[in-house]
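Student: any chance you can model this:
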Amino acid sequence: MIISVNGFEEAKAYPVMFNTTELLMDNNKDVFYVKSVDGIGKYTINTYRFEQIENEKPLSAENFVSREQFDSLSQKLDAVLATLSAHEAPQQPTQRSFVKEGVKNGK
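Tutor: Predicted coordinates for the structure are as follows:
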């Protein structure tokens, strides 16, 4: 249920049960109030301003790549990876390989 009020003063005067929170929409301004009342009857009111948020634009054909563009990029990537793997530096022996060789050679 939407509760409408005419300004902040009416929001302050609106009765809210203990231990509850109500959302109060202002009829005169683009604001709303959140009024909370605790267990002993003390209330707080926070005021918020409405702000329009742009909806996401639907996806269109211009947001996608064509199959030809994808295949072309894939071929270029394959060529780069092939070049990189052809120029890889020889693997440096690790500490683990030294330990294994030492055990093998009786050291």
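Student: quick one, strands of this protein?
Tutor: Ranges of strands in the chain, per DSSP state E, are 3-5, 20-26, 31-37, 43-49.
Student: where along the chain do the helices fall?
Tutor: 8-13, 67-86, 95-104 (DSSP state H).
Student: packed most tightly, which of those would that be?
Tutor: Burial among the helices of the chain, expressed as mean neighbours by mean count of other Cβ atoms under 10 Å, is greatest for helix 8-13, which shows a mean of 14. Using the backbone N, CA and C atoms, a C-beta is placed for each residue, glycine as well.
Student: give me the mean pLDDT for that one.
Tutor: For helix 8-13, mean pLDDT rounds to 96.
Student: tell me which other helices or strands it touches.
Tutor: Applying 3 or more Cβ pairs under 8 Å, 6 or more residues apart in numbering; DSSP states H and E, one finds that helix 8-13 contacts strand 20-26, strand 31-37, strand 43-49.
Student: make CSV out of these and add mean pLDDT, mean neighbour count and distance to residue 9.
Tutor: Listed next are the helices and strands packed on helix 8-13 as CSV, based on pLDDT from 0 to 100; neighbours: other Cβ atoms under 10 Å; distance: least, Cβ to Cβ, whole Å:
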stretch, mean pLDDT, mean neighbour count, distance to residue 9
strand 20-26, 96, 15, 11
strand 31-37, 97, 17, 11
strand 43-49, 96, 12, 11
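Student: out of these, the one nearest residue 65 is which?
Tutor: Evaluated over the helices and strands packed on helix 8-13, closeness to residue 65 peaks at strand 43-49, with 41.1 Å, by Cβ to Cβ.
Student: closest to residue 20 out of the helices of the chain?
Tutor: Smallest distance to residue 20 across the helices of the chain (Cβ to Cβ): 14.6 Å, for helix 8-13.
Student: gap between the closest one and the chain center?
Tutor: Between the centre of helix 8-13 and the centre of its chain there are 36 Å (Cα atoms, centre = their mean, to the nearest Å).
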